[in-house]
Structure formats: C-alpha cells, structure tokens
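Enquirer: Using only what follows, build the 3D model:
(one chain, ligands or ions: 2)
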Amino acid sequence: MKNQLEQAVREALGKIQHPVYKESLLDIGAFDRIDEDDESFSVHLKSPDADRKQQIAFEAQIRGFLTKINPGKKVKIRFAVDESLKPQEQGNRIKGVKNVIAIGSGKGGVGKSTAAANLAAALKLKGLKVGLIDSDIYGPSIGKMFGVPSKLPLTGDGSNKILPHEVQGIKLMSFAFMLAADQAVVWRGPMLGKAVEQFLYEVIWGDLDVLLIDLPPGTGDVQLSLAQLIDVDGAVIVTTPQNVALQDAARAASMFQQVKIPILGIIENMSEFQCPNCGHITNIFSKNGGSAMAAKMGVPQLGSIPVEKEIMDSGEAGLPITLKDPSGKVAEAYKKIADRILVEVEKFK
Ligand SMILES: Nc1ncnc2c1ncn2[C@@H]1O[C@H](COP(=O)(O)OP(=O)(O)O)[C@@H](O)[C@H]1O
Ligand SMILES: [Mg+2]
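Expert: Ligands and ions are numbered 1, 2, ... in the order given. Sure thing, here's the model as predicted:
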C-alpha cells in the first residue's frame, strides 16, 4: 500500500506547478519519504520556502489527487523547509541545455540552414544530444531538410508544453510546425517575441548538449528577441566567399558583438566546386573570402564546405548529407567544424 501511495503522491506532485519556480513540485525535488505506523501514513515533503499558505494550498491539491486511491489509513502531509530546493539563479538559460549556439548570416541563400542541419547531424554522430530550432519565420526550411511533414502534432505532457519532432535522435522545432503548409503568417514584433519565447521555454527539450538555433538572415527582431530572452553561448556565421556576402556577414557579426554574443567562428559555404567528371576545381564565388574575413575579425575560420549537388539533393530529399553519408567528405568536414565549435564555445564559459 505504501508503494501505491508513494506512486500516487509522486504523480500528484508531478501535476502541481510551483507558482514561483514554474516547475512541478516533483521536478523541484519536493518528495522526501513516506513513513508508516499503525494508524497512519506520514507523507514528508520538502518545500523551498516557509510560506505556510502555499503549503496548505499544495496539500489541498495533493489530497485532491489522492482521492483516487484508498490507502486504508489516515494520510498526514508534512512539509519541511529545504532551501536547497530553490532553483539556482540561472539567468536566461533553458534548464538541461548545456550550450545554445546561434547560426547566423547576413543574407539569405548562403546555406545557413543547410549548415545548421548538417552541424546538428555531425554533433549527433559524435554522440551528443542535439536540438535544432528553426527560427526563420519567413523561410522555415529545417523541417523540409529533415523530411518532417510540416505541422506538429501537439503532444504535450499535460502541462501545456510541446514535444519537439525527433528525427534520427535530433530534436527539431520550427515555426513551420505550428502552421499548415500553405498558411501565410504576418508576425508582428511583440507576437514574434512571444513565439520565440515559447520556442525556447515551452518545448520539452530534455537534456541537451547543444541546442542550435537557425536564425533568419539579417539583423532583425528575432535575433534581438533571442538575445534578450536567452543566454546564447556563441554564434556561428555562415557566409559564401564573395565580397557582397562578406559585407553582410560582417554586419551580422557586428550585431552579435553588440548584444554580447561571442562569435565562435565562420563557416565558408560554397567555397569551391569540383567537376565530378574531370576533377577540375572552380572557385565559383571567388576564393578564401571566409578565411580573410575570419582573420580580419580575429575569429576562427571553422571550415569550408564545397558546392556539391549532393548537398542540395539530400536537403531536398529530407535527410542532410551528413546523415545520409556519415563517412563522406562533407560529413567529415562538418564533424571537424563541430569539434572546433565545441572547443571554441568552452573558451567563453
Ligand atoms: N554547399 C552547398 N552545395 C550545394 N548546394 C547548397 C550548399 N549549401 C546550400 N545549398 C543549397 O542552397 C540553397 C539555399 O540554402 P539554405 O541552407 O536554405 O540557405 P539559407 O538558410 O542561408 O537561406 C538550398 O537549396 C541548399 O540546398
Ligand atoms: Mg534558411
């Protein structure tokens, strides 16, 4: 009977949200033990503060849940204050998420989302727990790149939170998952900020080593909302090597600097094209722009990715090339970039 009671108490605690700490009583560690004597069960709970009114309210809620079982004896509920239950001051961190890394670019079409998808894949191949947020409201594409049919079936845990889609162990979240495929949206500033906040805090991410955020191109509202809502541990900038793209990338870099997000480095995408027939290498978008820019800014050049039809094809087919061909050249390049990012991000901790 005691076990059954304990299970029921735990279940109840799991459903009661602490109004201040925004977590369930179970999650903050309120359960201590149940003692039993001839006449009664004593349920010992821990409370982060001595607020007696609060405790009475909790007790009432718990008893509400316990009416479902009949323990056969009187049930007493006792609270003991335990300060250590108070959540640590975490700033704007998502609980359980170790590193938040934003992927940005100055303009669209440079392959930022492709890079984000392949980086997520490379980190996953290394055995890390990875999440990926597509925050590009105007052109969400991560879902498509992972072959996820657009709308998210809102499976929650009963607490109004959303479970992300999971593809090959990578947790995915996108604005697109909240909309029907052809539904157009006009997000305005405040609504946009709210949506980003939901993305970050109302999704059940679980424990993650890295949460990547694919930002929309440019330096607009979403980037700023993000910077205000969450401690981003670092940003990676994707650029193509030609001058125009580099100028935009420099602007993105300066935005990250303004909001005090460390720049972990630059990925030069579409750096060269090797003819599959004759092997000749063409630098379609000129050469080494990414490394020149990295040098100028004093940040690492994380790696270069060539133009390859396969990269584009696998994105279209719904499986990033790093997952499709995990030991191929491109996957190896992304794994190296992933390693480098993990080293760089530690430097700013
Ligand atoms: N290295 C590459 N080689 C070939 N095609 C690429 C490469 N990187 C990106 N692409 C393709 O370029 C297009 C734009 O890429 P995308 O990642 O959507 O850019 P962004 O997110 O910067 O707008 C996509 O069709 C994508 O498949
Ligand atoms: Mg994109």
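Enquirer: Show me the shaky parts of the protein.
Expert: For the chain, applying pLDDT under 70 flags the ranges 87-91, 150, 152-160, 179-193, 221-222, 226-228.
Enquirer: Spatially nearest residue to whatever residue of it ends up closest to ligand 2, not counting backbone neighbours?
Expert: Of all residues in the chain, S113 sits closest to ligand 2, at 3.2 Å by C-beta to the ion. Just so you know, the C-beta spots here come from the backbone N, C-alpha and C atoms, and that holds for glycine as well. For S113, ignoring the flanking residues on the chain, the nearest one in space by C-beta to C-beta, 6 or more residues apart in numbering is S141 at 4.7 Å.
Enquirer: Quick one: the helices in the stretch 151-300 of the chain, in order.
Expert: 189-201, 221-229, 243-258, 289-297 (DSSP state H, counting those that start in this stretch).
Enquirer: picking up where we left off before, surely the residue of the chain closest to ligand 2 and D136 touch.
Expert: Yes: the pair S113 / D136 is scored as a contact, 6.9 Å apart, by C-beta atoms under 8 Å.
Enquirer: neighbour count winner among the two?
Expert: Between S113 and D136, counting by other C-beta atoms under 10 Å, S113 is the more crowded of the two (28 against 22).
Enquirer: For V345, give me its contacts.
Expert: By C-beta atoms under 8 Å, 6 or more residues apart in numbering, the residues touching V345 are N99, I101, D233, G234, P262, L264.
Enquirer: mind redoing it with 7 Å?
Expert: Counting by C-beta atoms under 7 Å, 6 or more residues apart in numbering, V345 makes contact with N99, I101, D233, G234, L264.
Enquirer: Phi first, then psi, for it.
Expert: Per-residue torsions, V345: phi -70, psi -30 (degrees, to the nearest 10).
Enquirer: how many other residues sit next to the nearest residue to it once chain neighbours are set aside?
Expert: In space, and not counting its chain neighbours, V345 is closest to G234: 4.8 Å by C-beta to C-beta, 6+ apart. As a burial measure, G234 scores 21 neighbours (other C-beta under 10 Å).
Enquirer: now do P300
Expert: P300: 19 surrounding residues under other C-beta under 10 Å.
Enquirer: just to revisit the earlier point, pick out the most distant pair among the contacts of V345.
Expert: The distance between the two most remote of the contacts of V345 (C-beta to C-beta) is 10.1 Å, for N99 and L264.
Enquirer: Next, format the helices of the stretch 151-300 of the chain as CSV and append distance to ligand 1 and mean neighbour count.
Expert: Listed next are the helices of the stretch 151-300 of the chain as CSV, based on distance: least, C-beta to the nearest ligand atom, whole Å; neighbours: other C-beta atoms under 10 Å:
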stretch, distance to ligand 1, mean neighbour count
helix 189-201, 17, 17
helix 221-229, 14, 20
helix 243-258, 10, 18
helix 289-297, 12, 19
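Enquirer: As TSV, the ones you listed with distance to G108 would be great.
Expert: Formatted as TSV, the helices of the stretch 151-300 of the chain follow (distance: least, C-beta to C-beta, whole Å):
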stretch	distance to G108
helix 189-201	17
helix 221-229	13
helix 243-258	10
helix 289-297	17
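Enquirer: Export the ones you listed to TSV and append columns for distance to ligand 2.
Expert: TSV is the format used below for the helices of the stretch 151-300 of the chain (distance: least, C-beta to the ion, whole Å):
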stretch	distance to ligand 2
helix 189-201	16
helix 221-229	12
helix 243-258	13
helix 289-297	18
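Enquirer: and the residue nearest to S113, how many neighbours?
Expert: For S141, the count of nearby residues is 18 (other C-beta under 10 Å).
Enquirer: Can you tell me how far it is from W205?
Expert: Noted for S141: a distance of 21 Å to W205, by C-beta to C-beta, to the nearest Å.
Enquirer: what's the answer for S40, then?
Expert: From S40 over to W205 the distance is 41 Å, taken as C-beta to C-beta.
Enquirer: neighbour count winner among those two?
Expert: It is W205, of S40 and W205, that has more neighbours when counted by other C-beta under 10 Å, with 20 against 13.
Enquirer: next helix or strand past the host helix or strand of L302?
Expert: Taking DSSP states H and E as the criterion, L302 maps to strand 301-307. Next helix or strand after strand 301-307 toward the C-terminus (DSSP H and E): helix 309-317.
Enquirer: Next, the angle from that following helix to strand 301-307.
Expert: Going by axes from the mean of the first three to the mean of the last three C-alpha atoms, to 10 degrees, helix 309-317 is angled at 90 degrees with respect to strand 301-307.
Enquirer: just checking, next helix/strand downstream of helix 309-317?
Expert: helix 321-324.
Enquirer: is that next one up against ligand 1 anywhere?
Expert: No: using C-beta under 6 Å from any ligand atom, helix 321-324 stays clear of ligand 1, coming no nearer than 9.0 Å.
Enquirer: Spatially central, which residue of this structure would that be?
Expert: For the chain, the residue nearest the mean C-alpha position is L211 (3.6 Å; C-alpha atoms, centre = their mean).
Enquirer: The strand holding L302 - contacts with which helices or strands?
Expert: strand 263-274, helix 289-297, helix 329-347 (3 or more C-beta pairs under 7 Å, 6 or more residues apart in numbering; DSSP states H and E).
Enquirer: What strands line up against it, and which way round?
Expert: With DSSP bridges as the test, strand 301-307 is paired with strand 263-274 (parallel).
Enquirer: wait, does the strand it pairs with contact ligand 1?
Expert: Yes: Strand 263-274 is in contact with ligand 1 by C-beta under 6 Å from any ligand atom, via N269, M270.
Enquirer: Good, wrapping up.
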